[in-house]
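**Q** Generate a structure from the sequence data that follows.
(chains A and B)
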Amino acid sequence: MRHLLSIADLNKSEAISILDTATELARVSDGAVKKLPTLRGRTIVNLFAEDSTRTRISFEAAAKRLSADVINFSAKGSSLSKGESLKDTAMTLQAMGADAVVIRHSASGAAQRLADSQWMSGSVVNAGDGTHEHPSQALLDAFTIRKHLGMGGSDLAGLSVAIVGDILHSRVARSNVLLLSLLGAKVTLVAPPTLLPVGIESWPATVSYDFDLVIPHVDVVMMLRVQQERMSDLFFPNAREYSRYFGLNGERTANMKSGAIVMHPGPMNRGLEISAEVADSARSVITEQVTNGVSVRMAILYVLLAGGALEVGSN
Amino acid sequence: MSVALSAQDITRALTRISHEILEKNQGGTNIVLLGIPTRGAHIATRISSIITSIEGSEVPTGTLDITLFRDDLRIRPPRAIMPTKIPTSGIEGKDVILVDDVLFSGRTIRSALDALGEIGRPRTVQLAALVDRGHRELPIKADFIGKNLPTARSQSVRVLLSEIDGRDEVTIEEGVEQ
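**A** As a prediction, this is how the structure comes out:
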């Protein structure tokens, strides 16, 4: 595996081996010395042409724990804000000898463009491209679900997950639907019809418009952020109405299965899609998702940068 | 293919190694056994149970994966990372016995020493190997050896253990240069 652009590029055994690698790497994060020499001498560039806190910091921490050198490159305060093209930026990075580029971009397909071009020779990791995909987020979500609810197996067979909210604008939802169904989980999408994309019938998931009907039957409720910055139209009448029908509050969580967990990729709009009470409750694994993100991203960098094709289970 | 060690030979060698470990360390009170996955870990478990049967007390036993510390990560395909399990007693001030199946170039052991350094500072680090096949590329030597097997570089040594391979046996096979 050379690039990580989309969950659609992974098969089941590749996905599981990334999760297994992350499980072992998580022990490093628990240890006294949080550092491994594995990627010493490699240069990883974080190219963030769109705002991000946790994903960028998470990739940076992951790379540093593996001893790679990290260069951060964000849109603000760089030549990107002067209108430099992706091509010129990529060629600059190539000239600096980047072994991998972690790219976040507002245009869907930006990571694919970078990987397919001959502009640079390093690995490309998609850290979110427009409304297309966010594969590392899906992997860390699957990792978190497996850690909490996995029934001893390596996949997520038998589990039921509801993804709730702004599916239309969510790259997290796209990557998660692909990965969770690849790993054998049953996915239900809950959203108002206006926030569902065209062609939703072809997704490996069922659709519901009624959150209250779905909530007692699922093991995981994954809330999505309402992405007001991507909304050029009016998708729901007002925030209060959205919150009443599709927000997760204490009353709704009371109907959840015992042991079921609440997830959110962050950043949260407290009071809109999730109430503060739920976000801080015992069911919430939201901060743990952030912790797991570092281990999963270490696994991704290890798999992409430590050599050629991934050998599974070999010694 | 020729059989270098039979199941009985392996049992005898591991019994002898267990006694040697106890003799050298004046008993089993301060030792920690760390097997290098996959087969070294199984051998460590066996040595541990032999020591328990001799001494009557349990020896802390764990595994130490060295994948992330290898020096050939840039030239070989990435390998799956195996579990590292350090006993709760830790390794600080302990006599750590590293256990591996075959001692060859010595590079695995170099990586293991680096990996240990990230975990703590043992009082001593010793090395037990079921087979020493020579061809060292680093100044590393085993303290406890099951069997010295003179081999050519072109040959390969295979250790089979009942836990994963269904039977105990060490064979030498003619093969490609490793």
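
**Q** Chain B versus the residue nearest the centre of chain A, what's the distance?
**A** For chain A, residue A:137 is the residue whose C-alpha lies nearest the centre (C-alpha atoms, centre = their mean; 1.2 Å). Going from residue A:137 to chain B by C-beta to the nearest C-beta, to the nearest Å gives 22 Å. For the C-beta atoms, the positions are set from N, CA and C on the backbone; glycine is no exception.

**Q** Tell me if I'm right that that residue and residue A:175 touch.
**A** Yes. Counting by C-beta atoms under 8 Å, residue A:137 does reach residue A:175; the two are 6.3 Å apart.

**Q** Residue 66 - how many residues pack around it?
**A** Defaulting to chain A. For residue A:66, the count of nearby residues is 25 (other C-beta atoms under 10 Å in any protein chain shown).

**Q** The intended chain is chain B.
**A** Around residue B:66 there are 24 residues (other C-beta under 10 Å).

**Q** Confirm that residue A:151 lies within a helix, as I assumed.
**A** No. Per DSSP: H, G, I helix; E, B strand; the rest coil, residue A:151 lies outside any helix segment and is coil.

**Q** So which bits of chain B are right by chain A?
**A** B:37-39, B:65, B:68-69, B:73-84, B:114, B:118-119 (C-beta under 8 Å from any C-beta of the partner chain).

**Q** Mind doing that once more with 6 Å?
**A** For chain B, the contact set with chain A under C-beta under 6 Å from any C-beta of the partner chain comprises B:38, B:68, B:73, B:76, B:77, B:78, B:79, B:80, B:81, B:118.

**Q** quick one: low-confidence ranges for chain A?
**A** A:31-33, A:232, A:307-315 (pLDDT under 70).

**Q** same deal with chain B?
**A** B:176-178.

**Q** show me where it has strands.
**A** Secondary structure of chain B (DSSP state E): strands at B:2-5, B:31-35, B:61-63, B:95-103, B:124-132, B:144-148, B:155-160, B:169-174.

**Q** Let me see the contact set for residue 65.
**A** Going with chain A. Counting by C-beta atoms under 6 Å, 6 or more residues apart in numbering or on different chains, residue A:65 touches A:34, A:35, A:298.

**Q** my bad, the chain I had in mind was chain B
**A** B:37, B:82, B:84.

**Q** Give me the domain ranges for chain A.
**A** A:7-133+A:290-305, A:135-286 (automatic domain parsing).

**Q** what's the span of the first one, first residue to last?
**A** Between the opening and closing residues of domain A:7-133+A:290-305 there is a gap of 18 Å (C-alpha to C-alpha, to the nearest Å).

**Q** How about the longest one?
**A** Between the opening and closing residues of domain A:135-286 we find a distance of 18 Å, counting by C-alpha to C-alpha.

**Q** and residue B:91, how many neighbours?
**A** Using other C-beta under 10 Å, residue B:91 has 21 neighbouring residues.

**Q** Is it in contact with residue B:121, as I believe?
**A** No. Using C-beta atoms under 6 Å, residue B:91 is not in contact with residue B:121, being 7.9 Å away.

**Q** Give the bridge partners for residue A:100, please.
**A** Counting by DSSP bridges, residue A:100 is bridged to residue A:44, residue A:123.

**Q** Distance-wise, check it relative to residue B:128.
**A** Distance of residue A:100 to residue B:128, computed by C-beta to C-beta, to the nearest Å: 39 Å.

**Q** One more: residue B:71?
**A** 22 Å.

**Q** Which residue comes closest to residue A:193 once chain neighbours are left out?
**A** Distances taken as C-beta to C-beta, 6 or more residues apart in numbering or on different chains put residue A:209 closest to residue A:193, at 6.6 Å, once the chain neighbours are dropped.

**Q** With residue A:89 instead?
**A** residue A:80 (6.4 Å).

**Q** so is residue A:265 in a helix, a strand, or just coil?
**A** coil.

**Q** any idea which element the nearest residue to it once chain neighbours are set aside lies in?
**A** If the residues on either side of it in the chain are set aside, residue A:265 comes closest to residue A:172, at 4.7 Å by C-beta to C-beta, 6+ apart. Here residue A:172, judged by DSSP states H and E, is contained in helix A:171-182.

**Q** Next SSE downstream of that helix?
**A** Following helix A:171-182 in sequence, per DSSP H and E, is strand A:186-190.

**Q** Off-centre distance for that following strand?
**A** For strand A:186-190, the separation from the chain centroid amounts to 17 Å (computed by C-alpha atoms, centre = their mean, to the nearest Å).

**Q** What residues sit buried inside the helix or strand following that strand?
**A** Later in the chain than strand A:186-190, the nearest helix or strand by DSSP H and E is strand A:206-208. Buried residues in strand A:206-208, counted by 16 or more other C-beta atoms under 10 Å in any protein chain shown: none are found.

**Q** List the contacts of residue A:277.
**A** The neighbourhood of residue A:277, defined by C-beta under 6 Å, 6+ apart, consists of residue A:250.

**Q** Check the gap between it and chain B for me.
**A** Taking C-beta to the nearest C-beta, one finds residue A:277 at 38 Å from chain B.

**Q** can you tell me the helix or strand for that residue?
**A** helix A:276-279.

**Q** so what does the helix or strand just after that helix touch, helix or strand wise?
**A** As assigned by DSSP H and E, the chain's next helix or strand after helix A:276-279 is helix A:286-305. With contacts taken as 3 or more C-beta pairs under 6 Å, 6 or more residues apart in numbering or on different chains; DSSP states H and E, helix A:286-305 sits against helix A:12-30, helix A:54-65, helix A:135-149.

**Q** rerun at 8 Å
**A** For helix A:286-305, the packing partners by 3 or more C-beta pairs under 8 Å, 6 or more residues apart in numbering or on different chains; DSSP states H and E come out as helix A:12-30, helix A:54-65, strand A:100-105, strand A:123-129, helix A:135-149, strand A:261-263.

**Q** out of these, which comes closest to residue A:94?
**A** Evaluated with C-beta to C-beta, the helices and strands packed on helix A:286-305 place strand A:100-105 nearest to residue A:94, the distance being 9.3 Å.
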